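>>> Next comes the sequence, and after it the predicted model I'd like to discuss.
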Amino acid sequence: MNKFFIFIFVLFFVPFVMGIGLTPARTTINFEPNLEKSVDFSVINSEAKNINLVVSVQGELAQYVTLPETSFSMSSTQNSKKIAYNFKLPNELLPGLHTAEIMVLQLPESKNADETYIEATLAVITQLYIYVPYPGKYAEADLSVFNLDDGNIQFVIPVISRGEFDLVSVKANIDIFTSLNEKVATVYTNEIEILSKERKEVTALWDTSEIYAGPYRAVATLIYDEQTLKLERNFNVGQKRLSIESIEVNDFTLGDIAKFEVLVENEWGENVNDAYVQMLVRNDNGELMVDFKSPTYDIKSLDKTLMVAFWDTKGVRVGTYDSSLLLHYDLLIDEQDLQLEINENSINIIGLGYVISERGSGLDENRLLTFLVIGVILLIIINIGWFLFLRKRLKK
Amino acid sequence: MNNMTPPLAYPEKSLKKIFAKGKNKHIKIIDFVLIVGTVLFFASFVNYARPLVIAPINNLATTNSSVLFEFERGNIILIDDNLEFSSPQKIQAEDNLVINLKTGKYYWKIEGVLESEVREFTILSEVNLKLKRVEDKYLIVNAGNLELDVGIYENKSFVENIILDIDESKEVSGTKFMGEQR
């Protein structure tokens, strides 16, 4: 009876899933003539099922790879199984990358009584990458751009020396262009030496304190000995941001239409289109009393625009109301909580401005460290005093 | 009266010598106390001020891309793929922190008043595919930690290649699905 219920449960609630994994996904080796090696990898039974697997080799280097095991099974309790492949490289290969793929194929599941099964085959591959050095000097490089916490930009160029000979001098000049293709800066990396088959990085820092936020393009010229390599990358400085400079309601009379004038600045280096402000006003119980919006505006790069929104204050009483001002642009919404102090002839807006919270100081730990540092300084003074002056005087 | 000084039990030079010997002994004691005290103080200062790194353990190899960094007495985690820390990722953290990283070998240390020891760990690449039956089609899921290039075949004939990001899934039809690192 129990078996019957388990069968019913499996039939209705267990999804029909196949799953298989391999680690590592790639093994990279530098070419050596006649190199012989065994490479271990693990097969992962990710769905914890009884599975049948077949191993095979394909790709350019397949003829140099042998498999000690070409088929095996894994039980549902076996999470992973370590297997290996062996390779023996020839005496010579052309310069560049050569690959082989070791494929592990999970055979289709056997049919269940209800014909619900997966009849497809699933295969995963672990790659063997063999790099043969290029004659002479050869560099492979990439350009990465990092936005640092202080707002500056760090350029990192990892360089792999793929040639037979060492690279004596590796450095780069990086030209930076705006989205309008105007060159705004050139930065220079450090200069390093890279041995053959070695990977190292050259880096440069760009001070963006006087640069507008926006999209930029970096074009790096990597100079290694007498050769050059061009690298490009698009990146942003800062964030796409509109900021609210001020809100004013002029010539207001309670019961009439209030005209909210919101001055918005585009701090981004490109135009921002279809931006608008939305204002939510709540009553004393926190219930939404009114929701009104401005029309949409296109704001030019690094420019300011006055957005206007109207609120019909008919039936509104004198008092202070909680309110939220939402600035919509692209897919972003900047929200700011405000209070509207409504009088017969004026609306005062309270709370425009951002609160920057202060971080905790970790005072106790700092105090102890200060004590320790003072201790070190005192000890240095005592030691100098004793060994250079007092000791000599006493000895006389 | 002849003012003669009484003969000394020890000559003056000997007394000076004895006094000097005692003084030298005291000087040597002070030397010893100062040197040992200074060394001990510096040792305890370095021991206290040097950040304590707890996790990940040295030479950890895992396929999990989320790595828990556990440490004490420091507030900046520096992670890089080279021992020179030429372009480190600097992460401000007052407490333990889980960081998602790509596959590869990493070196890390903690900065505080002093720098901690340097440890290394490896996030092993894992290609992992899952296939779910969805009516007359399949849902193929990238369950590994790399972007995958998946070849789709229908009765031994190649149909198309699709790219699956980490944790991404796509509805597909075919009879054979083959995934490898892109």
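Yep, it's here.
>>> tell me which residues form a beta bridge with the closest residue to chain A within chain B?
At 3.3 Å from chain A, B:Asn128 is the closest residue in chain B, using Cβ to the nearest Cβ. Bear in mind the C-beta positions are built from the backbone N, C-alpha and C, glycine included. Applying DSSP bridges to B:Asn128 gives these bridge partners: A:Gly21.
>>> shouldn't it be in contact with A:Met18?
No. With contact defined as Cβ atoms under 8 Å, B:Asn128 and A:Met18 do not form a contacting pair (11.4 Å).
>>> follow-up on the earlier one: just the local confidence number for the residue of chain B closest to chain A, please.
With respect to pLDDT, B:Asn128 has a value of 94.
>>> can you pull the contacts of it?
Applying Cβ atoms under 8 Å, 6 or more residues apart in numbering or on different chains, we find B:Asn128 in contact with A:Gly19, A:Ile20, A:Gly21, A:Leu22, A:Ile44, A:Ser46, A:Val124, B:Asn142, B:Ala143, B:Gly144, B:Asn145, B:Gly179.
>>> Flag the shaky bits of the chain, pLDDT-wise.
Since no chain was named, I'll use chain A. A:1-15, A:109-118, A:352-368, A:396 (pLDDT under 70).
>>> wrong chain, I was asking about chain B
Short version for chain B, where the test is pLDDT under 70: B:1-21.
>>> Tell me where chain B has helices.
B:12-49 (DSSP state H).
>>> need the contact list for A:Asn50.
Neighbours of A:Asn50 in contact, by Cβ under 8 Å, 6+ apart: A:Ser73, A:Met74, A:Ser75, A:Ser76.
>>> Pretty sure the first one sits in a strand.
Yes. Using DSSP: H, G, I helix; E, B strand; the rest coil, the secondary structure at A:Ser73 is a strand.
>>> So it sits against A:Asn52, correct?
Yes. If you go by Cβ under 8 Å, A:Ser73 and A:Asn52 touch, sitting 5.2 Å apart.
>>> Looking at those two, which one has more neighbours?
A:Asn52 (14 against 11; other Cβ atoms under 10 Å in any protein chain shown).
>>> need the contact list for the more buried one.
A:Ser71, A:Ser73, A:Gln106, A:Leu107.
>>> A:Lys137 too?
Per Cβ under 8 Å, 6+ apart, neighbours of A:Lys137: A:Ser161, A:Gly163, A:Glu164, A:Phe165, A:Asp166, A:Leu167, A:Tyr224, A:Asp225, A:Gln227.
>>> What's the separation between it and A:Ile257?
When Cβ to Cβ, to the nearest Å is the yardstick, A:Lys137 and A:Ile257 sit 75 Å from each other.
>>> got it, and A:Thr126?
70 Å.
>>> For A:Asp322, list each beta-bridge partner.
Applying DSSP bridges, one finds that A:Asp322 bridges with A:Arg282, A:Gln339.
>>> actually A:Ala204, sorry about that
Assigned bridge partners for A:Ala204, using DSSP bridges, are A:Phe155.
>>> Same question for stretch A:27-47: list its buried residues.
For stretch A:27-47, a neighbour-count test (16 or more other Cβ atoms under 10 Å in any protein chain shown) marks A:Thr27, A:Phe31, A:Val39, A:Phe41, A:Ser42, A:Val43, A:Ile44, A:Asn45, A:Ser46, A:Glu47 as buried.
>>> Okay, now the sheet partners of whatever helix or strand the first one lives in, with direction.
When you say that, I think you mean A:Thr27. For A:Thr27, the element it lies in under DSSP states H and E is strand A:26-30. Sheet pairing of strand A:26-30 (DSSP bridges) gives strand A:121-132 (parallel).
>>> For the stretch 101-250 of chain A, which residues are neighbours of chain B?
A:101, A:103, A:116, A:118-127, A:144, A:146, A:148-149, A:154, A:156, A:199-201, A:203 (Cβ under 8 Å from any Cβ of the partner chain).
>>> Drop anything exposed from these.
Counted by 16+ other Cβ under 10 Å, these give A:101, A:103, A:118, A:120-127, A:144, A:146, A:154, A:156, A:200-201, A:203 as buried.
>>> ok, residue 122 - contacts?
Going with chain A. A:Met18, A:Gly19, A:Ile20, A:Leu105, A:Gln106, B:Leu129, B:Leu131, B:Lys176, B:Phe177.
>>> that's the wrong chain, I meant chain B
Per Cβ under 8 Å, 6+ apart, neighbours of B:Thr122: B:Asn59, B:Leu60, B:Ala61, B:Thr62, B:Gly104, B:Lys105, B:Tyr106.
>>> can you tell me which of those lies nearest to A:Leu180?
B:Gly104 (37.0 Å; Cβ to Cβ).
>>> Quick check: buried residues in stretch A:16-28?
A:Val17, A:Met18, A:Gly19, A:Ile20, A:Gly21, A:Leu22, A:Thr23, A:Pro24, A:Ala25, A:Arg26, A:Thr27.
>>> Would you convert the contacts of B:Asn128 into CSV that also reports distance to A:Pro133?
Formatted as CSV, the contacts of B:Asn128 follow (distance: Cβ to Cβ, whole Å):
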residue, distance to A:Pro133
A:Gly19, 39
A:Ile20, 35
A:Gly21, 33
A:Leu22, 28
A:Ile44, 34
A:Ser46, 38
A:Val124, 30
B:Asn142, 34
B:Ala143, 36
B:Gly144, 31
B:Asn145, 30
B:Gly179, 31
